[in-house]
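Q: need the 3D shape of this:
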Amino acid sequence: MSPRMEVVARQPQLEVALISSQGGGYPRHTHEEYVLSANLSGQERIWFDGKEQEVAPGQVTLYNPLTMQASTFGEDTRFISLHLSQERVKSLLDEAGLLPGQSPPAFMEGVHQIPALFHAILDLHRHPSTNQREEALVRLLAALQRSSDPAPRLLQGRLPQLLDYMRDHLSQEISLDDLCQVACCSKFHLVRSFQQALHVPPIHYFNQLRLMEARRRLLQGEKPSQIALALGFYDQSHMSNAFRRVMGISPSRYGAPGTNST
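A: Just a heads-up that it's a prediction; the model follows:
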């Protein structure tokens, strides 16, 4: 039985899909792109370069471009598949100064138990925002990068400036490019050093600031629809879903009289 594929995002040089299978698999084939998969459930057996490996939930598989590969799946197997072009990888690493003028890298292929890599792939799948997907992509490459250099810091007067910029632009959908201009660094360095300092990626932190502001406005009696518009959410539903994930309650109920004591 052929696996079922649901494309979640298809952008230039990037495709993200959710794959479900009740047995079956893929015969030997190859791709021009880097192929990564995050196993959500079930068992998978992969073949590449004459070797076989087992893949369990929580693990990631990685194939370099043009690697001959095949796989078979157990019952109720689900995984997120990511196809990433050589050009996109080289561009991001060039920007970080890690591969100036060199060919796209060959990463270590096969099965990986790297939580940061697994969660970066999950974020690429579940975030509707292009900015959040780009940030997750940078974190993915950071997890793969085997450089021994310590992560650079923004703590030379840049971090407070960056946080002020976020607070001043809560009504807008800011991008990594916007933040890089403020911090005067590459996306790769921005994401690594910001997470080193505050333990969350910059776009995630910015969205938390927006939710904190939404909470403050709800307690002042503003309507959720007005807040969603003022804080740059796509619509009220987008804000409600984000708010409920963090607070465990809808904005309407949170802002209702008598719901909160603070």
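
Q: for stretch 213-229, which positions count as buried?
A: Using 16 or more other Cβ atoms under 10 Å as the burial criterion, the residues of stretch 213-229 that qualify are Glu213, Ala214, Arg215, Arg217, Leu218, Pro224, Ile227, Ala228. (C-beta placed from N, C-alpha, C; glycine too.)

Q: and stretch 73-83, by the same measure?
A: So stretch 73-83, judged by 16+ other Cβ under 10 Å, has buried residues Phe73, Thr77, Arg78, Phe79, Ile80, Ser81, Leu82, His83.

Q: can you pull the contacts of the residue nearest to the spatial centre of the chain?
A: Geometric centre of the chain, nearest residue: Ala136, 2.7 Å, by Cα atoms, centre = their mean. Contacts of Ala136 were listed using Cβ atoms under 8 Å, 6 or more residues apart in numbering, and they are Ala120, Ile121, Asp123, Leu124, His127, Pro201.

Q: and the two most separated of the residues you listed?
A: Ile121 and Pro201 (14.1 Å; Cβ to Cβ).

Q: higher neighbour count, the two?
A: Shown here are Ile121 and Pro201; by other Cβ atoms under 10 Å, Ile121 has more neighbours (25 against 22).

Q: any idea how far the more buried one lies from Phe73?
A: As judged by Cβ to Cβ, to the nearest Å, Ile121 and Phe73 stand 18 Å apart.

Q: Met108: neighbour count?
A: Met108 has 9 neighbouring residues, counting by other Cβ under 10 Å.

Q: and the closest residue to it other than its chain neighbours, which of the three is it?
A: Nearest non-adjacent residue to Met108, counting by Cβ to Cβ, 6 or more residues apart in numbering: Leu62, 7.3 Å away. With DSSP: H, G, I helix; E, B strand; the rest coil as the basis, Leu62 sits in strand.
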